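Participant: Would you be able to build a 3D model of this:
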Amino acid sequence: MNESMTPSMYIKQDYSADIEAWLAQGNQINVINNGASTYNKTFNNKPKNAQSAMSEVMAKSVAVQREKIRARQEEDKAHKEDVLAMGKWLDQKKGRAKQLSKLMGHAHGYISQVKMFTRSCSKEKMEVIKQKMKEIERLENVTKHDMEQSQ
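Facilitator: Numbers count the residues shown, from 1 in each chain. Sure thing, here's the model as predicted:
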């Protein structure tokens, strides 16, 4: 039991002498990069079939269509300057947002969300908002004029 333990019992053998002899016979060691293959350059060395090729074509087509739709949607959005101007106009007088939402037939939250850029607004809708803003200003001017006459 008191045998001396040699390191070779627990460590792999050193094959460097065998490798040197193998190289001396004219053989070569070729190192292949991790993930590279000499057989085929496709994933898992599987050749492409018609279904996977068609799937790729369809995926690209869908991506192109999606990109066109997004571009059209971006084009249809109201300009940032218009929304900022609306926000400034709303902040000038208390109660304007409530009046605007009433005239528009929307909830107050819609106007607030457009103002805060959390909801997008189309150019057409922004034109309607601008018209309603002018209408509110006319109403405000009429009431100011009436108040001045009564005093």
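
Participant: low pLDDT regions in the protein?
Facilitator: 1-14, 28-48, 143-151 (pLDDT under 70).

Participant: Show me where it has its helices.
Facilitator: All helices of the chain, identified by DSSP state H, fall at 16-24, 50-76, 80-92, 96-104, 108-115, 123-150.

Participant: Would you reformat those helices as TSV and include mean neighbour count?
Facilitator: The way it works is simple: take the backbone N, C-alpha and C, and place the C-beta from them, glycine included. TSV is the format used below for the helices of the chain (neighbours: other Cβ atoms under 10 Å):
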stretch	mean neighbour count
helix 16-24	10
helix 50-76	10
helix 80-92	14
helix 96-104	17
helix 108-115	17
helix 123-150	12
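
Participant: the domain parsing of the chain - what is it?
Facilitator: 44-76, 80-150 (automatic domain parsing).

Participant: okay, the ones you listed in a markdown table with distance to D18 next?
Facilitator: Shown next, in a markdown table, are those (distance: least, Cβ to Cβ, whole Å):
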| stretch | distance to D18 |
| --- | --- |
| domain 44-76 | 30 |
| domain 80-150 | 71 |
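
Participant: Y110 reaches L100, doesn't it?
Facilitator: No: the criterion here is Cβ atoms under 8 Å, and Y110 misses it with L100 at 9.7 Å.

Participant: residues near the spatially closest residue to V114 that is not a sequence neighbour, how many?
Facilitator: With Cβ to Cβ, 6 or more residues apart in numbering as the measure, C121 is the residue that lies nearest to V114, at 4.6 Å, once sequence neighbours are left out. By other Cβ atoms under 10 Å, the residues close to C121 number 22.

Participant: any idea how far C121 lies from K88?
Facilitator: 15 Å (Cβ to Cβ, to the nearest Å).
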